[in-house]
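Participant: Any chance you can model this:
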Amino acid sequence: MTSHRRVLAVATVAAVALVPTAAHAGKGKGDDHRGGKGRGALPSTIALPAGFQPEGIEARGSSFYAGSRATGQIVVGSVRGGTPRELVPAQADAPSALGLRVDRRDRLFVAGGRTGTVSVYRARTGKLLYRSPAVSGPAFVNDVAILRDRAVFTDSAQQRLVVVPIGRRGALGEARTVPITGSLAYDADPATNEANGIVASRDGRRVIVVNSRTGELHRVDPRTGVSTLIPVTGGPLTNGDGLLRSGNTLLAVQNRLNRVAVLRLGRGDASATVRRTITDSQFDVPTTLAVAKGRLFTVNARFNTPPAADTAYDVVRIDGK
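Facilitator: Numbering: from 1, shown residues only. Alright, predicted model coming up:
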């Protein structure tokens with residue numbers, strides 16, 4: 001399988017080559033990255049099941065995974081097109097499938113939203129390998145980053161991380177919560193969406209998270225919970241959602257603003273500068289990002305559209321100019 005490090009290496013190229021200078025329009029489904037028709041071209045959109053309500057997306061090779069925030073269903077498809085197939089069926093207890101990440105052992109880590117759980121599936125078969133007990137109190141387990149020795153999840157409802165230890169041979173330990181202290185402060189309302197998107201720091205020992213309410217970036221030590229503000233020149237990252245990082249390039253989805261900010265991280269991730277933004281005529285509240293076949297993809301969550309059984313949802317390819 002394609003390792004997470006390999007995906008991030010591709011993201012470096014994507015972040016540079018695929019960032020448009022203006023919104024593009026009129027892409028046909030057979031258009032390739034040069035704007036023409038060609039063998040091996042990737043479609044500009046890929047339909048997800050009607051009523052799916054996606055939020056998370058992950059990719060490896062030419063395959064993508066998308067999860068439903070409504071039912072926990074996960075589908076897998078190809079960025080070359082076609083109809084995605086069901087990998088994980090809708091769940092009887094309706095745990096959401098929000099943030100998704102595949103590790104180097106072919107395991108799909110899934111944030112469970114308001115259920116306060118995290119799940120791990122076999123990425124090829126959908127077999128459930130692990131599900132944690134629900135964390136205490138109100139919860140919104142939102143997104144996930146995988147470090148060498150732990151999977152780290154944001155909880156947007158309570159000021160804490162949810163951490164699953166990963167042993168030397170890949171064994172998964174018991175999930176635990178780590179209170180966040182320092183610069184990252186939540187308000188008093190657990191219904192507010194706070195810490196959201198998350199990626200590993202450059203040294204792989206800490207995580208970077210975006211606070212959707214304030215638009216701030218913070219570094220957080222998942223062992224201690226201590227957080228430090230990352231000043232953002234050109235910020236704030238209002239409505240910050242999914243993050244994708246490679247080297248010193250960080251991409252941050254700003255969901256309800258229908259754009260993606262491209263940032264340059266300073267030495268030691270101590271600062272960040274917004275260099276440009278990606279806009280796209282096909283964005284309809286994008287949430288998270290993935291890289292496949294050297295291209296950036298997102299899912300349209302369509303938060304502003306009342307969901308129904310026949311509501312259309314899709315994966316969108318983000319083009320460069």
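
Participant: thinking Thr287 is in contact with Gln53, fair?
Facilitator: No - using CB atoms under 8 Å, Thr287 is not in contact with Gln53, being 10.7 Å away. For every residue, glycine as well, the C-beta is placed using N, CA and C.

Participant: Of the two, which one has the most company?
Facilitator: Taking other CB atoms under 10 Å, Thr287 and Gln53 do not tie; Thr287 has more neighbours (25 against 22).

Participant: quick check, that one in a strand?
Facilitator: Yes - applying DSSP: H, G, I helix; E, B strand; the rest coil, one finds Thr287 inside a strand.

Participant: which residues does it contact?
Facilitator: For Thr287, the contact set (CB atoms under 8 Å, 6 or more residues apart in numbering) comprises Pro54, Glu55, Gly56, Ile57, Asp241, Gly242, Val253, Asn255, Thr298, Val299, Ala301.

Participant: And the residues you listed, which is closest to Gly234?
Facilitator: Val253 (15.9 Å; CB to CB).

Participant: Now do the helices in the chain.
Facilitator: Taking DSSP state H, the helices of the chain run over residues 4-17.

Participant: Poorly predicted segments of it, please.
Facilitator: 1-40, 94, 320-321 (pLDDT under 70).

Participant: Just the ones of the contacts of Thr287 in strands?
Facilitator: Per DSSP state E, strands hold the following members of the contacts of Thr287: Pro54, Glu55, Gly56, Ile57, Asp241, Gly242, Val253, Thr298, Val299.

Participant: beta partners of the residue lying closest to the last one once chain neighbours are set aside?
Facilitator: By that I understand Val299. Once flanking residues are discounted, Val299 sits nearest to Pro54: 4.2 Å by CB to CB, 6 or more residues apart in numbering. Beta-bridge pairing for Pro54 (DSSP bridges): Ser68.

Participant: residue contacts, Pro54?
Facilitator: Leu48, Ala66, Gly67, Ser68, Arg69, Thr287, Val299, Asn300, Ala301, Tyr313, Val315.

Participant: show me the contacts for the residue lying closest to the first one once chain neighbours are set aside.
Facilitator: Yep, that's Leu48 we're talking about. Nearest residue to Leu48 in three dimensions, chain neighbours excluded: Tyr313, at 4.4 Å (CB to CB, 6+ apart). For Tyr313, the contact set (CB under 8 Å, 6+ apart) comprises Ala47, Leu48, Pro49, Ala50, Gly51, Phe52, Gln53, Pro54, Val299, Asn300, Ala301, Arg302.

Participant: didn't the third one look like it was pressed against Val75?
Facilitator: Spelled out, it's Pro49. Yes - in terms of CB under 8 Å, Pro49 counts as a neighbour of Val75; the distance is 6.7 Å.

Participant: joint contacts of these two?
Facilitator: Joint contacts of Pro49 and Val75 (CB under 8 Å, 6+ apart) are Pro84.

Participant: which of the two has more neighbours?
Facilitator: Val75 (22 against 16).

Participant: For the residue nearest to that one when sequence neighbours are not counted, give me its contacts.
Facilitator: Sequence neighbours aside, Pro84 is the residue nearest to Val75 in space, at 4.0 Å (criterion: CB to CB, 6+ apart). Counting by CB under 8 Å, 6+ apart, Pro84 makes contact with Ile46, Leu48, Pro49, Phe64, Ala66, Val75, Val76, Gly77.

Participant: Give me the number of neighbouring residues for the last one.
Facilitator: Other residues within reach of Gly77 by the criterion other CB under 10 Å amount to 21.

Participant: The fifth one too?
Facilitator: When counting by other CB under 10 Å, one arrives at 30 neighbours for Ala66.

Participant: hang on, isn't it packed against Val75?
Facilitator: Yes - using CB under 8 Å, Ala66 makes contact with Val75 at a distance of 5.5 Å.

Participant: Find the residues that touch each one of the two.
Facilitator: With CB under 8 Å, 6+ apart, Ala66 and Val75 have common neighbours Leu48, Phe52, Pro84.

Participant: do you know how far Val117 is from Ile166?
Facilitator: Not Val; residue 117 is Thr. 17 Å (CB to CB, to the nearest Å).

Participant: okay, the two: which has more neighbours?
Facilitator: Each of Thr117 and Ile166 has its neighbours counted (other CB under 10 Å); Thr117 has more, 23 against 20.

Participant: Do I have it right that the more buried one meets Val141?
Facilitator: Yes - counting by CB under 8 Å, Thr117 touches Val141, with 6.9 Å between them.

Participant: joint contacts of those two?
Facilitator: With CB under 8 Å, 6+ apart as the test, Thr117 and Val141 both reach Val135.

Participant: who's in contact with the residue nearest to Pro89 when sequence neighbours are not counted?
Facilitator: Nearest in space to Pro89, with sequence neighbours left out and distances taken as CB to CB, 6+ apart, is Gln73 at 6.1 Å. Contact analysis of Gln73 by CB under 8 Å, 6+ apart lists Pro49, Phe52, Gly67, Glu86, Val88, Pro89, Ala90, Gln91, Ala97.

Participant: Tell me which residues of stretch 51-64 come out buried.
Facilitator: Phe52, Gln53, Pro54, Glu55, Gly56, Ile57, Glu58, Ala59, Arg60, Ser63, Phe64 (16 or more other CB atoms under 10 Å).

Participant: If anything else comes up later, I'll come back, but that's it for now.
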